[in-house]
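>>> give the three-dimensional model of this entry:
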Amino acid sequence: MSAAETPPLVTMASYTTLRLGGPVRRFVVAKTTDELVAAVRAADQAGEPLLLLGGGSNLVVGDEGFDGTVVQIATGGWTAEDGGFFEVAAGQNWDEFVAAMSAGGVGGLECLSGIPGSVGATPIQNVGAYGSEISETVRSVELYDRAAGRVRTVRADELGFDYRTSVLKGTDTGVVLSVRFELRPGSPSSPIRYAELARTLGVEVGATVPPADARAAVLGLRRGKGMVLDPLDHDTWSAGSFFTNPVLPETEAPAVLDRIAAVVGADVPVPSYPAPAAVKLSAAWLIERAGFGKGRSGPGGRVSLSTKHTLALTNRGGASTADLLALAGEVRDGVRATFGVTLHPEPLLINCSL
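Numbering: from 1, shown residues only. Next up, the predicted model:
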């Protein structure tokens, strides 16, 4: 059975959480793995530009849209195996899967609750939040290798996981079909590493709690920052955190920290986190200290920083992608001019640039 094609004049604004993006030439919905492979193979054989679409939560698509084939990955479901392994379809809604695991007392994913998008996207950018990363639980990925024209399994140690990235990010040569996780049925949460989450739960950093309790606390924190999708709340009309936290090599960090201290004052603590041979800074803190507060408006008031969290750029209604990128550029340039730190976008930019 071939994948079903939708009517023409589809726009990406209908399929991204930012509600931005122009028209596409051809839109295909793949509801099974076989349909997904067939759709990708057909586009490749025709020499057609291809865009793979999951939940649309990590995409910024240009106002001109996409002059090619968009394949929506609409597969779903998962199977449980002995030993706490779960094989999950790429198109499965991520938070529905996390909710089911947490409610069932399966530990390992609870701190990643409330993140929008699909399962297949999580290993691509090594999704992380509240001290947890997807790389801790992924054991392998089944993908369609477009160059070789075949399906193969890639082990976690071959994925090159790093902060918000993997070897799959920035390339669509491998189409994720399913992800295999190793979780902990009948076990508590992962150790609570994030201080804010530990305070919310009333435990010490490093403690464990029932997975459902950790999930509830994470969802509460995310809602307070406008990071749980709500069609009535424009603060959630976003791609989540627009910029990644900057990671400075240890050799560069002292000079940057001195410059920051010269701006904000030597007695002001600078949030920083350890990273391998590096220091990770808070992008949100830098944005605020560079003069960009919550709710800062962009062109015509059609876009703004979230009123709840400075790291999210939001569509306030009637915006264009150009509006959003203008505000993003203003923030990036302001932080660079103030602190000498260049912020980099976390979402994928399709037919547009910053």
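>>> for the rest of this, base every contact and every neighbour count on C-alpha atoms.
OK.
>>> contacting residues around Arg139?
For Arg139, the contacting residues are Arg155, Ala156, Val179, Arg180, Phe181, Glu182, by CA atoms under 8 Å, 6 or more residues apart in numbering.
>>> quick check, nearest of those to Gly128?
Phe181 (14.9 Å; CA to CA).
>>> okay, and that closest one sits in which element?
Counting by DSSP states H and E, the element that carries Phe181 is strand 174-182.
>>> strand partners (parallel or antiparallel) of that strand?
Strand 174-182 has the following strand partners under DSSP bridges: strand 85-89 (antiparallel), strand 138-145 (antiparallel).
>>> now render the ones you listed as JSON lines, adding mean pLDDT and distance to Ala290.
JSON lines is the format used below for those (pLDDT from 0 to 100; distance: least, CA to CA, whole Å):
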{"stretch": "strand 85-89", "mean pLDDT": "98", "distance to Ala290": "42"}
{"stretch": "strand 138-145", "mean pLDDT": "98", "distance to Ala290": "37"}
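>>> using TSV, lay out the ones you listed together with distance to Pro299.
Output for the strands paired with strand 174-182, formatted as TSV (distance: least, CA to CA, whole Å):
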stretch	distance to Pro299
strand 85-89	40
strand 138-145	41
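>>> in the protein, which ranges drop under the pLDDT threshold?
Applying pLDDT under 70 to the chain picks out residues 1-8.
>>> domain ranges for this structure, per the record?
Annotated domains of the chain cover 4-73, 78-224, 234-350 [automatic domain parsing].
>>> what segments of this protein are helices?
33-45, 94-103, 195-201, 211-224, 253-264, 283-289, 321-339 (DSSP state H).
>>> list of residues touching the last one?
Contact partners of helix 321-339, identified using CA under 8 Å, 6+ apart, comprise 20-21, 60-63, 256, 259-260, 263, 286-287, 290, 292, 297-299, 302-304, 313-315, 341-344, 353-354.
>>> picking that back up, what is the orientation angle of the strand holding Phe181 with helix 33-45?
Per axes from the mean of the first three to the mean of the last three CA atoms, to 10 degrees, the angle that strand 174-182 makes with helix 33-45 is 150 degrees.
>>> next, the buried residues of strand 174-182.
Gly174, Val175, Val176, Leu177, Ser178, Val179, Arg180, Phe181, Glu182 (16 or more other CA atoms under 10 Å).
>>> hang on, the earlier thing: export the contacts of Arg139 to a markdown table and tack on distance to Thr165?
Shown next, in a markdown table, are those (distance: CA to CA, whole Å):
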| residue | distance to Thr165 |
| --- | --- |
| Arg155 | 16 |
| Ala156 | 13 |
| Val179 | 16 |
| Arg180 | 18 |
| Phe181 | 18 |
| Glu182 | 20 |
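>>> beta partners for the residue nearest to Ala89 when sequence neighbours are not counted?
Using CA to CA, 6 or more residues apart in numbering and skipping residues adjacent in sequence, the residue nearest Ala89 is Ser178, 4.4 Å away. In this structure, Ser178 bridges to Ala89, Glu142 when assessed by DSSP bridges.
>>> who's in contact with Ser178?
Counting by CA under 8 Å, 6+ apart, Ser178 has contacts Glu87, Val88, Ala89, Ala90, Val119, Gly120, Val141, Glu142, Leu143.
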